[in-house]
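Peer 1: model the structure of this input:
(4 chains)
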There are 2 protein chains.
Amino acid sequence: MTTNETTTRLLDAAQKLIQERGYNAFSYKDLAELVGIRTASIHYYYPAKTDLGHAVMDRYLARLELALTAIDRTARNEKAKLRAFIKLYRDTETCGAICLCGSLASDFGTMPPSIQKLVVAYLDRSEAWVVARIVSGVAAGEFAFAGRAAEAAALLLSSLQGGLLVARARTKPALELVQRAFFRVLDAA
Amino acid sequence: MTTNETTTRLLDAAQKLIQERGYNAFSYKDLAELVGIRTASIHYYYPAKTDLGHAVMDRYLARLELALTAIDRTARNEKAKLRAFIKLYRDTETCGAICLCGSLASDFGTMPPSIQKLVVAYLDRSEAWVVARIVSGVAAGEFAFAGRAAEAAALLLSSLQGGLLVARARTKPALELVQRAFFRVLDAA
DNA sequence: GTCTATAAACTGATAGAC
DNA sequence: GTCTATCAGTTTATAGAC
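Peer 2: Take a look at the predicted model:
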């Protein structure tokens, strides 16, 4: 382990702030108060704010990889895998937060290229995984879906990101309805 | 007409900045440079930045109403109406922008209640209209969709908002795929 | 209506003591 | 590693001349 206690608490607090307020709406002062240290101390770990943002998104991407691996290992079939994937977003919805990747995507133009690349990587990886699940599910006769997998994958990814946005603003869950409607696409011929 | 030339240019530029960078990522200085006046002059029209944000979102909501009215008047059937609605988002996608409402929703926690209310109103109005189109389309035998209209409406609204987010980050259109997949939901039994 | 001038607070960031 | 002290730049916002 190379990460100590303080870096973890900084990353946790920063991620929370970005997901709840947005990257450009939180300051080192906010973060310092949340973690209980001074702003100068944060600079010791993350000299620039973009370094911090990069580290948070980097960890988020690594965790996606771990989550997908865990799902692929434990879920019985492709539908169960997709349900587990959607569950990741529904847990975020429960917290009243939006996806870190979605939050950074909405500030995309103001992010440095190194962070932009991670955001794109997160979306690409998610999409590729979903496409693979659909292709596999169709091949196994699990889904009746007759269209292109890329269509359904784009629909799922977009509706999960947007669903979190919409749900938080209205403090009214959206992803349960989204999930139900989405599986109609796969189950219908 | 109560709005003069300068207010219109201020609202246009502010909307553009919010959709491209986000509410918390643009300043009166950015806006002043874009419009060609000094920051103090902006305060003459909009004393506080939240007044400006409110005015931009208020106009955006009024324009939604106009757009829905125009669609209801000109489109031949419910499917054509929904296609025209999706076109509003696809035009935004073409500009490389996200929805103003989606941008403000992603900064939701940092917005004053008066703006939050407009964001919620925009989403509520959009959803109600989409639900009505689906219910009407099913009643007319235009859609084979057998589920609850609220499900499909949540899927559409979420995927359009999220689709813009995803598309801009990857500079790769998403809404054409989203649209195709969505109509499978309505057309399938 | 638009300007100059200015303020008070906050921003990310650095230097250097402990 | 964490602190105090400090910086230069920016932010929203106001006062008052023209």
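Peer 1: show me where pLDDT drops low in chain A?
Peer 2: Under the criterion pLDDT under 70, the flagged ranges of chain A are A:1-3, A:189.
Peer 1: how near is the closest residue to chain B within chain A to residue B:102?
Peer 2: Ranked by CB to the nearest CB, the top residue of chain A for proximity to chain B is residue A:162, at 2.7 Å. The C-beta positions use only the backbone N, C-alpha and C, and glycine is treated the same way. The gap separating residue A:162 from residue B:102 is 7 Å, by CB to CB, to the nearest Å.
Peer 1: who has more neighbours, those two?
Peer 2: residue A:162 (31 against 28; other CB atoms under 10 Å in any protein chain shown).
Peer 1: once you drop chain neighbours, what's closest to residue A:32?
Peer 2: Computed as CB to CB, 6 or more residues apart in numbering or on different chains, the closest residue to residue A:32 that is not its neighbour in sequence is residue A:39, at 4.7 Å.
Peer 1: now do the contacts for the residue of chain A closest to chain B.
Peer 2: Going by CB atoms under 8 Å, 6 or more residues apart in numbering or on different chains, residue A:162 touches B:102, B:157-163, B:165.
Peer 1: export those residues to a markdown table and tack on secondary structure and distance to residue B:48?
Peer 2: As requested, the contacts of residue A:162 are arranged in a markdown table below (DSSP: H, G, I helix; E, B strand; the rest coil; distance: CB to CB, whole Å):
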| residue | secondary structure | distance to residue B:48 |
| --- | --- | --- |
| B:102 | helix | 23 |
| B:157 | helix | 30 |
| B:158 | helix | 32 |
| B:159 | helix | 35 |
| B:160 | helix | 31 |
| B:161 | helix | 27 |
| B:162 | helix | 31 |
| B:163 | helix | 33 |
| B:165 | helix | 28 |
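Peer 1: ok, of these, which come out buried?
Peer 2: Buried by 16 or more other CB atoms under 10 Å in any protein chain shown: B:102, B:157-163, B:165, out of the contacts of residue A:162.
Peer 1: which two in these are spaced the farthest apart?
Peer 2: B:157 and B:165 (13.2 Å; CB to CB).
Peer 1: let me see the ranges of the helices in chain A.
Peer 2: Taking DSSP state H, the helices of chain A run over residues A:5-21, A:28-35, A:39-45, A:49-74, A:78-94, A:100-106, A:113-139, A:149-170, A:175-187.
Peer 1: quick one, the fourth one and helix A:113-139 angle?
Peer 2: Here helix A:49-74 points in a direction 20 degrees away from that of helix A:113-139 (axes from the mean of the first three to the mean of the last three CA atoms, to 10 degrees).
Peer 1: one step back: okay, and the common contacts of residue A:162 and residue B:102?
Peer 2: B:161, B:165.
Peer 1: check contacts around the nearest residue to residue A:126 once chain neighbours are set aside.
Peer 2: Once flanking residues are discounted, residue A:126 sits nearest to residue A:157: 5.8 Å by CB to CB, 6+ apart. The neighbours of residue A:157, taking CB under 8 Å, 6+ apart as the test, are A:123, A:126-127, A:130, B:162, B:166.
Peer 1: just give me the neighbour total for the residue nearest to residue A:32.
Peer 2: 13.
Peer 1: distance of the residue of chain A found nearest DNA strand D relative to residue B:22?
Peer 2: Going by CB to the nearest atom of the strand, DNA strand D is nearest to residue A:40 of chain A, at 3.1 Å. Per CB to CB, residue A:40 is found 28 Å from residue B:22.
Peer 1: looking at these two, which one has more neighbours?
Peer 2: Neighbour totals were compared for residue A:40 and residue B:22, and residue B:22 leads with 24 against 9 (other CB under 10 Å).
Peer 1: tabulate the buried ones among the contacts of residue A:162 (CSV), appending distance to DNA strand C.
Peer 2: Output for those, formatted as CSV (distance: CB to the nearest atom of the strand, whole Å):
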residue, distance to DNA strand C
B:102, 23
B:157, 32
B:158, 30
B:159, 32
B:160, 31
B:161, 27
B:162, 27
B:163, 30
B:165, 23
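Peer 1: what is the nearest of these to residue A:110?
Peer 2: Nearest to residue A:110, judged by CB to CB, of the buried ones among the contacts of residue A:162 is residue B:165 at 14.4 Å.
Peer 1: leaving out sequence neighbours, find the closest residue to that closest one.
Peer 2: Counting by CB to CB, 6+ apart, the residue nearest residue B:165 is residue A:105, at 4.8 Å.
Peer 1: point to the residue nearest the middle of chain A.
Peer 2: Centroid-nearest residue in chain A, with CA atoms, centre = their mean: residue A:99, separated by 4.3 Å.
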